[in-house]
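In: need the 3D shape of this:
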Amino acid sequence: MARTKPSIDPVSEQLCKRVRELRRKRGWTLQQMSDVCDVSRSMLSQIERQGANPTLAVACRIAMALGMDLGDLIDSPSSSHTIDVVRADDPSHLFRHDDDCRIRTLSPLHLEKDVEFYEVMLQPAAKLTSAAHFEGTRECLTVQKGTIRIVSGEQDCLLRKGDSAHYRADLPHVIENTGRGEAHCFLIVTYQKS
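Out: Sure thing, here's the model as predicted:
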């Protein structure tokens, strides 16, 4: 007996399509997406094929993994506003905040993007150490205040106020504050289009 596809409402159908579209746009495999959002690979596959209606909890975990809220995951890109504002005091855009570092996302979280924009504040001697991102990923860092050392693979350079560096982020890389005071930078991450 052939299995019939479960009845799926229009909102769930839109969500299922968006999950697949956004995962592919980021270049993630189903397994990578599963690791990031803590939803099984088989469940994600069923969702993408519209073979399952995701629960609210599952949909929220997927949205969080994609850096958006549930409403943005369901909305189609064509229904978005023409102006997106990121408010300075919006806590949802605070990517990281601890004694060493403060990173604020300046890109609207709901956008399907090949580019991400961040404000980075590093305390003296603090460093951001990152594993290699997806192949073709690059970063551009501009220093507004302080002294920063950039390491990308085996190469490194020193940047001061007003300097910018563009480097490979598909290799292990480090952003380190080598100055005596807080460093303030802007970071742009670009992903290779598939």
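
In: now the longest helix seen in the chain - C-alpha only, CSV.
Out: Across the chain, the longest stretch assigned as helix under DSSP state H is helix 10-25. C-alpha atoms of helix 10-25 as CSV (Å, rounded to 0.1, in the frame of the first residue of the first chain):
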residue,chain,number,x,y,z
PRO,A,10,-0.4,26.6,3.8
VAL,A,11,1.6,28.1,6.7
SER,A,12,3.4,24.8,7.3
GLU,A,13,3.9,24.4,3.5
GLN,A,14,5.6,27.8,3.4
LEU,A,15,7.8,27.0,6.4
CYS,A,16,8.9,23.6,4.9
LYS,A,17,9.9,25.3,1.6
ARG,A,18,11.7,28.1,3.5
VAL,A,19,13.7,25.6,5.6
ARG,A,20,15.0,23.9,2.5
GLU,A,21,15.7,27.1,0.7
LEU,A,22,17.6,28.7,3.6
ARG,A,23,19.6,25.6,4.4
ARG,A,24,20.7,25.4,0.8
LYS,A,25,21.5,29.1,0.6
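
In: now that helix: buried residues?
Out: S12, L15, C16, R18, V19, R20, L22, R23 (16 or more other C-beta atoms under 10 Å). C-beta here means a position set from N, CA and C on the backbone, and glycine is covered the same way.

In: roughly how far apart are the nearest residue to the third one once chain neighbours are set aside and K17?
Out: The shortest distance from C16 to any residue that is not its chain neighbour, by C-beta to C-beta, 6 or more residues apart in numbering, is 4.6 Å, and that residue is Q50. Using C-beta to C-beta, to the nearest Å, one gets 8 Å for the distance from Q50 to K17.

In: give me the buried positions along the helix or strand bottoming out on mean pLDDT in the chain.
Out: Ranked by mean pLDDT, DSSP states H and E, the helix or strand of the chain with the weakest confidence is helix 70-74, at a mean of 74. The neighbour-count check on helix 70-74 (16+ other C-beta under 10 Å) flags D72, L73, I74 as buried.

In: measure the residue nearest in space to the middle of the chain to L56 for me?
Out: By C-alpha atoms, centre = their mean, the chain has its centre lying nearest to G67, at 5.9 Å. Distance from G67 to L56, counting by C-beta to C-beta: 19 Å.

In: right, I'll call it a day here.
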